[in-house]
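>>> can't give you the sequence, but here's the structure:
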C-alpha cells in the first residue's frame, strides 16, 4: 500500500518531454474517436435520402431529425455513464469498452428494419461515442505536454471532419445505383465505422494508462513505471531529457468523488468555470447539431440537390471544418485561450447571422450556400474544439472524465437534442423565413458564448493541468 501522503514529479516529467512518436501513437489511437463521430453524423446526413426513401425505411424528415436526436440522447447517456466509470476504473479500460459498444451498434444500424429499430441502434451508437469523449479527451489531456495541449486537442477534434469527408465520399460510391442496388448501399455504409472501430481496439492496446490517473489513485509505483518506460523510449532517440520544471506535488490517495463533492466543486469551488463550460458547450452543440445534422435536407428541399450528389457539397463543408482547428490551433497556445475562443465564437456567430438573412431572401444557390457555410465553420470548428479543450483542462484531475461527460451531456441536451428536431420541423415547413429564425438563434447563442468567454475565460495556455486546477488529492 502506498504511503498516506507522497510526493511526485510525474506531471512535470510528462510535460517536459520533447515531441516523439509516442505522442503520435496517443493522438492516432485515441483521436480516431472524432473521425468515427464525423463518419456517423455525415453518413446519416448524406444517406438520409436513401434510407428514408422507398428503398429504405420510408422515414419522414421529422423522423430523420428525431433519429439524430436519438443519437445525441445516447451520446449523453453514454458520456455520463462511461465518464463516471472512467474516473473510477481508469482511462485505458474504458476507452476499449466504449469503442466496442460503438462498433457493434453502428453495424447493427445497417440491419434496421423500421424507424424504431433505426433510432434504437443510433441511440446505441451514440452511447459508444459519448463514452469515448469522456475517456479519450481526459487521457489525451493527461498524456500530451502542456505546451502542446491546445493545438493538439484542437487538431484532434478537427479530425471529426476527416470522418465527415470519409462518410460523404463513401456515400457517393455506395449510393450509385451502377455500383450497388439502392436498398443495399446505405446498409453497407454503416459497416465502415464498425470495421474501423474493431481496428482501433487493437491499436489502443499499445497506449498506456494515464500516469496522472494512477498517481491520484494510490498506484504511484505503476505510474512511475509507465513514466520511466516513456522516458526511456523518448530518451533513446532524443538524447538527454531536460530536467522537470516546477516543484513536485504532494498527494494523498482518496476514494471516489461523491455527488455531494462533485456539486461542491462545480457550484462552490468553480462556479464561474461551470457557467463558462456550459455556455461554450451548449452554444457550439446547438450550432453544429442543428445546422449539420439537417444540412442534407436543406440541400434537397430548398436547392433540389439529388440525394446521391449531397456528398459532394458536404466534402467542401468538411474541408473547411477540418482546416480551421488545424491552421488556427497554435494561436490558442500563443495568442491565448481567452482571446482566441472569444474571437472565434463571436466571428462565427456574426457571419452566421448574415448568411441566415441571405438565405431567407433567396440570394444563394447550393454552391453559394455551401461556400459561406464552409467559411463560417472554418472558424466555428476551432471554436467548438476549444469548448472541449476548455472543459477538459479547468477542473481537477480526479473527476476530469466525469466533468467532460457532464458538460458534454448538459451542453448537448440544451443545444443539441432540440436542435435537429427543431430544424427538421422548420425544413419540413418549406419556409425560408422560418428556417432563417433557426439560424439566427444559433448565431445568437454563439455571440452570447463569445461575451461569456471574454468576461470569465481561463488563461490555461501552456500551463500544467495541476496548476490550472489543483487535484482534489493535493496536500500541502
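Alright, I've got the coordinates. Model, not experiment: these values are computed from the prediction. Residues are numbered from 1 along each chain as shown.
>>> so the nearest residue to residue 402 once chain neighbours are set aside is in which element?
Using CB to CB, 6 or more residues apart in numbering and skipping residues adjacent in sequence, the residue nearest residue 402 is residue 83, 4.5 Å away. C-beta: built from backbone N, CA, C; applies to glycine. Taking DSSP states H and E as the criterion, residue 83 maps to helix 61-89.
>>> what comes into contact with the helix or strand following that helix?
Counting by DSSP H and E, the element after helix 61-89 in chain order, helix or strand, is helix 91-109. The contact list for helix 91-109 (CB atoms under 8 Å, 6 or more residues apart in numbering) reads 30, 33, 36, 40, 78, 82, 85-86, 118, 121-122, 124-125, 127-129, 131-132, 134-136, 138-139, 142, 190-191, 193-194, 196-198, 200-201, 204, 207-210, 213, 401.
>>> which helices and strands does the following helix or strand past helix 91-109 pack with?
Later in the chain than helix 91-109, the nearest helix or strand by DSSP H and E is helix 115-143. Where contact means 3 or more CB pairs under 8 Å, 6 or more residues apart in numbering; DSSP states H and E, helix 115-143 is packed against helix 21-51, helix 61-89, helix 91-109, helix 149-158, helix 211-215, helix 366-393, helix 400-412.
>>> could you check the angle helix 115-143 makes with whichever helix or strand comes after the fifth one?
Beyond helix 211-215 in the direction of the C-terminus, DSSP H and E gives the next helix or strand as helix 220-238. Relative orientation of helix 220-238 with respect to helix 115-143: 80 degrees, computed using axes from the mean of the first three to the mean of the last three CA atoms, to 10 degrees.
>>> for helix 220-238, which positions count as buried?
Within helix 220-238, the residues that qualify as buried are 220, 223, 224, 226, 227, 230, 231, 234, counting by 16 or more other CB atoms under 10 Å.
>>> can you redo those as CSV with pLDDT and distance to residue 153?
What follows is the buried residues of helix 220-238, written out as CSV (pLDDT from 0 to 100; distance: CB to CB, whole Å):
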residue, pLDDT, distance to residue 153
220, 91, 27
223, 94, 22
224, 94, 26
226, 95, 21
227, 95, 21
230, 93, 19
231, 92, 23
234, 90, 21
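>>> tell me the mean pLDDT for stretch 68-85?
For stretch 68-85, mean pLDDT is 86.
>>> before we move on, the earlier item: tell me the buried residues in the helix holding residue 83?
Applying 16+ other CB under 10 Å to helix 61-89 flags 61, 63-87 as buried.
>>> circling back: could you export the buried residues of helix 220-238 as TSV, including distance to residue 338?
As requested, these are exported to TSV (distance: CB to CB, whole Å):
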residue	distance to residue 338
220	35
223	32
224	36
226	33
227	31
230	32
231	33
234	32
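>>> for those residues, which one is nearest residue 375?
Residue 375 has its nearest neighbour among the buried residues of helix 220-238 in residue 234, at 39.7 Å by CB to CB.
>>> thought that closest one was touching residue 18?
Yes - at 6.6 Å, residue 234 counts as touching residue 18 under the criterion of CB atoms under 8 Å.
>>> Between those two, which contacts overlap?
Shared contacts of residue 234 and residue 18, defined by CB under 8 Å, 6+ apart, are found at residue 241.
>>> Contacts only, for the residue nearest to residue 402.
131, 134, 135, 401, 402, 403, 404, 405, 406.
>>> and if you look at residue 363?
With contact set as CB under 8 Å, 6+ apart, residue 363 has no partners.
>>> Tally up the residues packed near the nearest residue to residue 370 once chain neighbours are set aside, please.
Of all residues not flanking residue 370 in the chain, residue 313 sits nearest, at 4.7 Å (CB to CB, 6+ apart). Applying other CB atoms under 10 Å, we find 24 residues neighbouring residue 313.
>>> Repeat that for residue 447.
Neighbourhood size, residue 447 [other CB under 10 Å]: 18.
>>> quick one: pLDDT of the closest residue to residue 445 other than its chain neighbours?
Once flanking residues are discounted, residue 445 sits nearest to residue 283: 4.2 Å by CB to CB, 6+ apart. pLDDT recorded at residue 283 is 92.
>>> Quick check: residue 283 vs residue 447, distance?
Residue 283 is 9 Å from residue 447, where distance means CB to CB, to the nearest Å.
>>> if I look at these two, which residues touch both of them?
Joint contacts of residue 283 and residue 447 (CB under 8 Å, 6+ apart) are residue 345.
>>> what about stretch 14-22, how long is it end to end?
One end of stretch 14-22 to the other measures 12 Å (CA to CA, to the nearest Å).
>>> Check stretch 421-440 too.
OK, stretch 421-440 end separation, CA to CA: 16 Å.
>>> wait, is residue 362 part of a strand?
No - counting by DSSP: H, G, I helix; E, B strand; the rest coil, residue 362 falls outside a strand, being coil.
>>> what's near enough to touch it?
Applying CB under 8 Å, 6+ apart to residue 362 gives the contacts residue 432.
>>> The stretch 201-350 of the chain: helices as residue ranges?
Secondary structure of the stretch 201-350 of the chain (DSSP state H, counting those that start in this stretch): helices located at 211-215, 220-238, 259-264, 271-293, 295-303, 310-328, 331-334, 337-360.
>>> Who are the contact partners of the residue nearest to residue 370?
295, 299, 305, 366, 367, 370.
>>> burial of the fourth one, as a residue count?
A total of 18 residues lie near residue 366 under the criterion other CB under 10 Å.
>>> and it, what does it touch?
Residues near residue 366 by CB under 8 Å, 6+ apart: 299, 303, 305, 313.
>>> Of those residues, just say which sits nearest to residue 6.
Distances from residue 6 to those, taken by CB to CB, are shortest for residue 313, at 56.7 Å.
>>> separation between that closest one and residue 373?
According to CB to CB, residue 313 and residue 373 sit 9 Å apart.
>>> do the same with residue 389
Taking CB to CB as the measure, residue 389 falls 23 Å from residue 373.
>>> same question, residue 44
Applying CB to CB to residue 44 and residue 373 gives a distance of 18 Å.
>>> now swap in residue 39 and tell me
Separation of residue 39 from residue 373 (CB to CB): 19 Å.
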